[in-house]
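Undergrad: Give me a 3D structure for the following:
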Amino acid sequence: MALRIEDYALIGDRRGAGLVGRNGSIDWLCLPRFDSPACLAALLGTEEHGFWQFEPVGDYTVERRYVGDSAVLETTFRTEDGEATLTDLMPHTAGRADVVRVLWGVRGRVRFTHTWRVRMDYGKVRPWVRRAEAGGEPVITAIAGPDTLVLRGPDLPVAVDHTHQGEVEVTEGHELRFSMTWIPSHHPLEDLAAHEDVINKTVDADEGWVDARATGTTATAGSATPRSPSAPSPRLASPTRRCCGATGCCAPSRATPRTCRSCTASTAPAACPRSS
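TA: Next comes the predicted model:
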């Protein structure tokens with residue numbers, strides 16, 4: 001059952017977009033363009049029309065925020081056993097479209113149910129789904145007409161009654177990274193390459209686009225336009241996230257001193273162990 005519309009947040013790459021619920025479910029997704037038929041459409045129908053969800057097992061509370069001036073969405077789940085974040089984004093890639101979902105353990109341990117149910121053409125078409133390999137990496141592909149979707153991750157769900165389901169667990173300092181990639185169905189399934197430092201690169205590209213719109217300059221998808229030297233930048237000072245070391249703090253360091261999200265320090269001198 002779909003949530004209230006105010007319980008959804010938008011992610012996108014300025015070509016296509018998705019809506020992510022407070023329960024960790026993507027209930028609307030159009031790939032590769034805004035006007036493409038939705039491959040996840042539970043928002044306007046039922047779960048049978050397609051969704052992709054990571055949801056904590058048991059009771060939990062939720063907080064959400066966008067990272068800087070970007071469309072990178074960070075959802076924090078808190079349970080009796082721990083705390084974890086789910087970061088959702090659509091990086092800027094050429095010739096394909098990606099949705100990346102990163103689970104990060106903040107403290108304790110959090111177990112998630114993982115459900116992937118793809119339905120093409122606004123939920124009307126059930127794709128041909130099979131397991132395959134891309135560049136030696138096990139993947140799940142869903143093919144229907146001109147479209148192929150490829151699910152990648154460290155612990156892929158298993159097929160249960162035309163749906164893929166599973167459970168994953170993250171502990172403090174542990175990361176799980178999943179992605180779904182759209183490619184034309186006539187293209188061979190090749191090495192899709194790792195999403196290296198994908199969060200920071202996407203934040204930087206998004207904020208560069210915002211800067212360009214504000215200043216009247218030009219920025220293409222995937223590029224970043226530097227701010228003027230006199231303007232303080234709210235983006236990352238370097239490609240490395242930095243952290244004060246406090247539990248749960250993984251806010252980016254800035255070009256100017258600022259208070260970290262979970263501490264009272266005025267600077268963030270220690271490199272955060274979080275790789276992305």
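
Undergrad: what ranges do the helices span in the stretch 51-200 of the chain?
TA: With DSSP state H, counting those that start in this stretch as the criterion, the stretch 51-200 of the chain has helices at 120-123, 198-215.

Undergrad: Of those, which is nearest residue 80?
TA: Nearest to residue 80, of all the helices of the stretch 51-200 of the chain, is helix 198-215, at 27.7 Å by CB to CB. From N, CA and C alone the C-beta is placed, and that goes for glycine too.

Undergrad: Residue 138: neighbouring residues, count only.
TA: 13 (other CB atoms under 10 Å).

Undergrad: separation between it and residue 157?
TA: The gap separating residue 138 from residue 157 is 12 Å, by CB to CB, to the nearest Å.

Undergrad: So the protein: which segments form each domain?
TA: 5-184, 236-276 (automatic domain parsing).

Undergrad: Mind checking the pLDDT average for the shortest one?
TA: Which is domain 236-276. Here domain 236-276 scores 38 as its mean pLDDT.

Undergrad: can you check the first one too?
TA: Mean pLDDT, computed over domain 5-184, is 96.

Undergrad: Please compute how far it lies from its chain's middle.
TA: In terms of CA atoms, centre = their mean, to the nearest Å, the centre of domain 5-184 is set 7 Å apart from its chain centre.

Undergrad: first to last residue in that domain, what's the distance?
TA: Terminal residues of domain 5-184 lie 31 Å apart, using CA to CA, to the nearest Å.

Undergrad: Please apply the same query to stretch 120-127.
TA: End-to-end distance of stretch 120-127 (CA to CA): 7 Å.

Undergrad: what residues does that stretch touch?
TA: With CB atoms under 8 Å, 6 or more residues apart in numbering as the test, stretch 120-127 has contacts from 37-39, 41-42, 44-45, 48-50, 118-119, 142-145, 147, 149, 162.

Undergrad: now with 7 Å?
TA: Outside stretch 120-127, the residues within contact range by CB atoms under 7 Å, 6 or more residues apart in numbering are 37-39, 41, 45, 48-50, 118-119, 142-144, 147, 162.

Undergrad: Show me what counts as buried in it.
TA: Using 16 or more other CB atoms under 10 Å as the test for burial, stretch 120-127 gives 120-123, 125-127.

Undergrad: Output the domains of the chain as a markdown table; include the columns distance to residue 207.
TA: Shown next, in a markdown table, are these (distance: least, CB to CB, whole Å):
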| stretch | distance to residue 207 |
| --- | --- |
| domain 5-184 | 5 |
| domain 236-276 | 9 |
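
Undergrad: Quick check: which of those is buried the most?
TA: The highest mean neighbour count among those, using mean count of other CB atoms under 10 Å, belongs to domain 5-184: a mean of 19.

Undergrad: Strands of the stretch 151-276 of the chain, start to end?
TA: Taking DSSP state E, counting those that start in this stretch, the strands of the stretch 151-276 of the chain run over residues 158-160, 163-171, 175-184, 242-243, 270-271.

Undergrad: To residue 204, which of these lies closest?
TA: strand 242-243 (14.7 Å).

Undergrad: ok, how many other residues are close to residue 197?
TA: A total of 14 residues lie near residue 197 under the criterion other CB under 10 Å.

Undergrad: okay, it: pLDDT?
TA: For residue 197, pLDDT reads 81.

Undergrad: And it, its phi and psi?
TA: phi 50, psi 40 (degrees, to the nearest 10).

Undergrad: Against residue 87, how distant is it?
TA: 13 Å.

Undergrad: What of residue 159?
TA: Taking CB to CB, one finds residue 159 at 27 Å from residue 87.
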